[in-house]
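K.L.:
build me a model from this:
(2 chains)
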Amino acid sequence: MNKELTVQNSLSRKKEIFKPIHEGHIGMYVCGPTVYNDVHLGNCRTFVSFDVIYRYLVFLGYKVRYVRNITDVGHLVDDADTGEDKISKRARLEKLEPMEIVQKYTLGFHEMMRVFNTKSPDIEPRASGHILEQIEMVQAILDNGLAYEKNGSVYFDTVKFAKEQEVYGQLSGRKIDELMVETRDLKNQAEKNNPADFAIWMKASPEHIMRWKSPWSEGFPGWHLECSAMSTKYLGTTFDIHGGGNDLKFPHHENEVAQNYGACKCAPANYWLHTNMLLMNGKKMSKSDNNSITPKQLFTGDSEHISKSYTPMALRFFMLQSHYSSTLDLTDDALLAAEKGYRRMMEGNKTLLGLQHSGKGNASDHDKEINQLIDQAHEHMNDDFNTPMAMARLFELISKINSFKGGQISIDEITAATFERMQTTFKDFIFDIFGLKDEMDAGDQNEALDGLMQLVIDLRQSSRENKDWGTSDKIRDTLKALKIQLKDGKDGTEWSME
RNA sequence: GGUCGGUUGGCCGAGUUGUUAGGCAAAGGUCUGCAAAACCUUGUACAGCGGUUCGAAUCCGCUACCGACCUCCA
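P.N.:
Sure, this is the predicted structure:
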């Protein structure tokens, strides 16, 4: 039960025992979105994954400082060093100020994070608000001799860095020699000493709107720089966990590591965690490939890829059923299954809350089994946040819960302590760790509806006692059409919203 | 082309050497006025070939297929 927390560290490609730098405290940085467009579902998966990780670390009792940035400058559309800024491009297309674009899509992003019931990060810094810090970092890298200036732009000297430190390529599994013989024909590479070098400060072309003064030129910071500067500012030069999507490993994270070494000669993070991609039709969900479905489309059902609408919590549940480091293929069938599984879990919890323990149970085999399942659920979470396994144990507990309710097992076969532990476990896992919400508990919130339903159920019960099956079934079918399901049990009829 | 990863039953998805993952779907049963729900039971699986091992879905090799990264993306 007291197994230590282990995490899959991308740096070592091994599962390692997690040890924070300062006992009881964790610094965690996750690369946030570039706010130039509506957030899409793939982003949501990553942020939901880290939300669960964050929630679990808090659950374990750690004081976590969770930093997730907003990229609102420096992220270029095309080739890393010559393309147009994503925000600027969008601003041009939508005929808005760049900061209007940033505001619009930041708000949209926050709304989506709220809908998916993710916790807000403790700090959400913006790249444009940290230009000074980034300029200082460029200077520090220059002072350390690991960058050079050309025509007002500053480039990181990747080749020199790779020679000095054995670090470059460790995260992404790349070798500097291979990067140096890069054959692709990139535009405007002339300024760089080597194709493997990358810009940390860019001189702005005349038409570039987003620009700041610096010692080298009026320009803007390179994309990779913001995360280095902001993580350092809020979490220190070396912190515990750095997270992000798999597709950021190279070049973004690799270059981030290089920049941090370049500025302070130390590693930014001890543990790198990477989430895997959300696929659709077996391929990476990607905005640029049009192989994508927006969260909104899922919620409204307005997409050729799905047969019906799905709720945010069904989606969240769907994501939790796979491990964050595995690819997850989005299909209509899988969503249908997840939706039902989600409902079964929430119903199970409701049933558990409705059970009463006599206070004088004896520990039977069931008691032992239940405690084992609970222990295992915790162990699974300690094992690199294995939500699908933890969830499997919860479902086995739901079997027990339903058996208590159905009378197949007597509640007296478990002790009051075990019963309470079950209730605590469900609350902890479903709400605090998995971050699920009950989307179907209208009955708990609306007294009028509750009273009304009780009346209808009573009336139907009278019909049934009079063997007036026509009336009884009409009530049931009409409610069914209204997406209210009646459940006839031994102790009367219950209802729930579909 | 290079690097890395994947291929699990009708679908999704865990598992990394020996014991039922789990969810959804399916079949039979219990309950019920009939259903639904719930419960019980059941089946179908580890891409192919070869090797290591007492024993492999799990380790190794080869083959096939798929994907990711190498270029903006979570």
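K.L.:
let me know whether my guess that residue A:154 is in a helix holds.
P.N.:
No. When the secondary structure is assigned by DSSP: H, G, I helix; E, B strand; the rest coil, residue A:154 falls in strand instead of a helix.
K.L.:
for the residue of the stretch 201-350 of chain A found nearest RNA strand B, phi and psi?
P.N.:
Nearest residue of the stretch 201-350 of chain A to RNA strand B: residue A:245, at 1.4 Å (C-beta to the nearest atom of the strand). Heads up, the C-betas are built off the backbone N, CA and C, glycines and all. Phi and psi for residue A:245, reported as degrees, to the nearest 10, are phi -70, psi 150.
K.L.:
please name the nearest non-neighbouring residue to it.
P.N.:
Ranked by C-beta to C-beta, 6 or more residues apart in numbering and with sequence neighbours excluded, the top spatial neighbour of residue A:245 is residue A:46, at 4.8 Å.
K.L.:
just the element for the one you found, please.
P.N.:
Counting by DSSP states H and E, the element that carries residue A:46 is helix A:41-59.
K.L.:
now that helix - C-alpha only, PDB.
P.N.:
Extracted in PDB, the C-alpha atoms of helix A:41-59 (Å, rounded to 0.1, in the frame of the first residue of the first chain):
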ATOM      1  CA  LEU A  41      -9.300  17.900 -28.500                       C
ATOM      2  CA  GLY A  42      -5.700  16.700 -28.600                       C
ATOM      3  CA  ASN A  43      -4.700  19.600 -26.500                       C
ATOM      4  CA  CYS A  44      -7.500  18.800 -24.100                       C
ATOM      5  CA  ARG A  45      -6.200  15.300 -23.600                       C
ATOM      6  CA  THR A  46      -2.800  16.500 -22.700                       C
ATOM      7  CA  PHE A  47      -4.200  19.000 -20.200                       C
ATOM      8  CA  VAL A  48      -6.600  16.500 -18.800                       C
ATOM      9  CA  SER A  49      -3.700  14.100 -18.300                       C
ATOM     10  CA  PHE A  50      -1.700  16.600 -16.400                       C
ATOM     11  CA  ASP A  51      -4.700  17.700 -14.500                       C
ATOM     12  CA  VAL A  52      -5.000  14.100 -13.200                       C
ATOM     13  CA  ILE A  53      -1.300  14.100 -12.400                       C
ATOM     14  CA  TYR A  54      -1.600  17.400 -10.600                       C
ATOM     15  CA  ARG A  55      -4.700  16.300  -8.700                       C
ATOM     16  CA  TYR A  56      -3.000  13.000  -7.700                       C
ATOM     17  CA  LEU A  57       0.200  14.800  -6.400                       C
ATOM     18  CA  VAL A  58      -2.000  17.100  -4.400                       C
ATOM     19  CA  PHE A  59      -4.000  14.100  -3.100                       C
END
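K.L.:
so which elements touch it?
P.N.:
Contact partners of helix A:41-59 among helices and strands, from 3 or more C-beta pairs under 8 Å, 6 or more residues apart in numbering; DSSP states H and E: strand A:25-30, strand A:63-68, strand A:239-245, strand A:269-275, strand A:278-280, helix A:295-300, helix A:312-320.
K.L.:
mind giving me a markdown table with the ones you listed and columns for mean pLDDT, distance to residue A:140 and mean neighbour count?
P.N.:
What follows is the helices and strands packed on helix A:41-59, written out as a markdown table (pLDDT from 0 to 100; distance: least, C-beta to C-beta, whole Å; neighbours: other C-beta atoms under 10 Å):
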| stretch | mean pLDDT | distance to residue A:140 | mean neighbour count |
| --- | --- | --- | --- |
| strand A:25-30 | 97 | 19 | 23 |
| strand A:63-68 | 98 | 20 | 21 |
| strand A:239-245 | 96 | 18 | 25 |
| strand A:269-275 | 95 | 18 | 23 |
| strand A:278-280 | 89 | 37 | 21 |
| helix A:295-300 | 91 | 40 | 18 |
| helix A:312-320 | 95 | 39 | 24 |
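K.L.:
export those to JSON lines and tack on distance to residue A:394?
P.N.:
What follows is the helices and strands packed on helix A:41-59, written out as JSON lines (distance: least, C-beta to C-beta, whole Å):
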{"stretch": "strand A:25-30", "distance to residue A:394": "25"}
{"stretch": "strand A:63-68", "distance to residue A:394": "24"}
{"stretch": "strand A:239-245", "distance to residue A:394": "25"}
{"stretch": "strand A:269-275", "distance to residue A:394": "22"}
{"stretch": "strand A:278-280", "distance to residue A:394": "23"}
{"stretch": "helix A:295-300", "distance to residue A:394": "24"}
{"stretch": "helix A:312-320", "distance to residue A:394": "11"}
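K.L.:
roughly how far does residue A:276 sit from residue A:119?
P.N.:
Per C-beta to C-beta, to the nearest Å, residue A:276 is found 21 Å from residue A:119.
K.L.:
so the two - more neighbours on which side?
P.N.:
Per other C-beta atoms under 10 Å, whichever of residue A:276 and residue A:119 has more neighbours is residue A:276, with 19 against 15.
K.L.:
quick one: residue A:16 is in a strand?
P.N.:
Yes. When classified by three-state DSSP, residue A:16 is found to be part of a strand.
K.L.:
how about the closest residue to it other than its chain neighbours, what does it touch?
P.N.:
Setting aside the residues directly before and after it, residue A:16 is nearest to residue A:9 in space (C-beta to C-beta, 6+ apart), at 4.9 Å. Taking C-beta atoms under 8 Å, 6 or more residues apart in numbering as the definition of contact, the neighbours of residue A:9 are A:15, A:16, A:270, A:271, A:272, A:273.
K.L.:
what do you get if the cut-off is 10 Å, keeping everything else the same?
P.N.:
Contact criterion C-beta atoms under 10 Å, 6 or more residues apart in numbering gives A:15, A:16, A:18, A:171, A:241, A:269, A:270, A:271, A:272, A:273, A:274, A:384 as the residues in contact with residue A:9.
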